[in-house]
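Q: dropping a prediction and its sequence here:
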Amino acid sequence: MDSNAKITVKGIVQGVGYRWFADRAARTHNLKGFVENLPEGSVYLEVEGSKQSIDNLLIDLRTGPKFSVVEDVIVEWNNPHNLFINFKIKA
């Protein structure tokens with residue numbers, strides 16, 4: 001793993017299956033980390049993997065599931081800390 005990204009997705013992204021969508025997309029791109037809802041209505045992900053895989057995930061996240069409306073995707077790139085075993089949805 002060569003990259004870590006902290007990603008905040010803003011818009012209509014809660015109550016529309018966005019976390020499950022993000023989970024499937026992250027697993028498809030062989031990424032590790034987690035996704036969770038934030039109190040103010042956005043969705044937060046922290047992922048680790050190859051830079052190319054994370055870039056591909058970002059393309060998916062900007063689209064989102066059918067009933068979502070993604071207004072912004074904010075990415076903070078970091079060095080990986082290799083603490084994740086898999087990808088999971090946090091409550």
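A: Received, thanks.

Q: show me the helices in this structure, by range?
A: For the chain, the helices defined by DSSP state H cover 18-28, 51-63.

Q: dump these to CSV, plus mean neighbour count, distance to Lys90 and mean pLDDT.
A: Quick note: C-beta positions are derived from backbone N, CA and C, even for glycine. Shown next, in CSV, are these (neighbours: other CB atoms under 10 Å; distance: least, CB to CB, whole Å; pLDDT from 0 to 100):
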stretch, mean neighbour count, distance to Lys90, mean pLDDT
helix 18-28, 19, 8, 98
helix 51-63, 16, 16, 98
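
Q: out of those helices, which comes closest to Lys6?
A: Closest of the helices of the chain to Lys6 is helix 51-63, at 10.8 Å (criterion: CB to CB).

Q: and the closest one with helix 18-28, angle?
A: 150 degrees (axes from the mean of the first three to the mean of the last three CA atoms, to 10 degrees).

Q: so which elements touch helix 51-63?
A: The contact analysis (3 or more CB pairs under 8 Å, 6 or more residues apart in numbering; DSSP states H and E) places helix 51-63 against strand 3-12, helix 18-28, strand 43-49, strand 69-78.

Q: could you redo the last one with a cut-off of 7 Å?
A: Where contact means 3 or more CB pairs under 7 Å, 6 or more residues apart in numbering; DSSP states H and E, helix 51-63 is packed against strand 3-12, helix 18-28, strand 69-78.

Q: got these as TSV, with distance to Asn86 columns?
A: Listed next are the helices and strands packed on helix 51-63 as TSV, based on distance: least, CB to CB, whole Å:
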stretch	distance to Asn86
strand 3-12	15
helix 18-28	8
strand 69-78	19
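
Q: got a list of what Ile74 touches?
A: Ile74 is in contact with Ile7, Thr8, counting by CB atoms under 7 Å, 6 or more residues apart in numbering.

Q: again, only this time at 8 Å
A: Applying CB atoms under 8 Å, 6 or more residues apart in numbering to Ile74 gives the contacts Ile7, Thr8, Val9, Lys10.

Q: neighbour-wise, which of the residues you listed leads?
A: Val9 (25 neighbours; other CB atoms under 10 Å).
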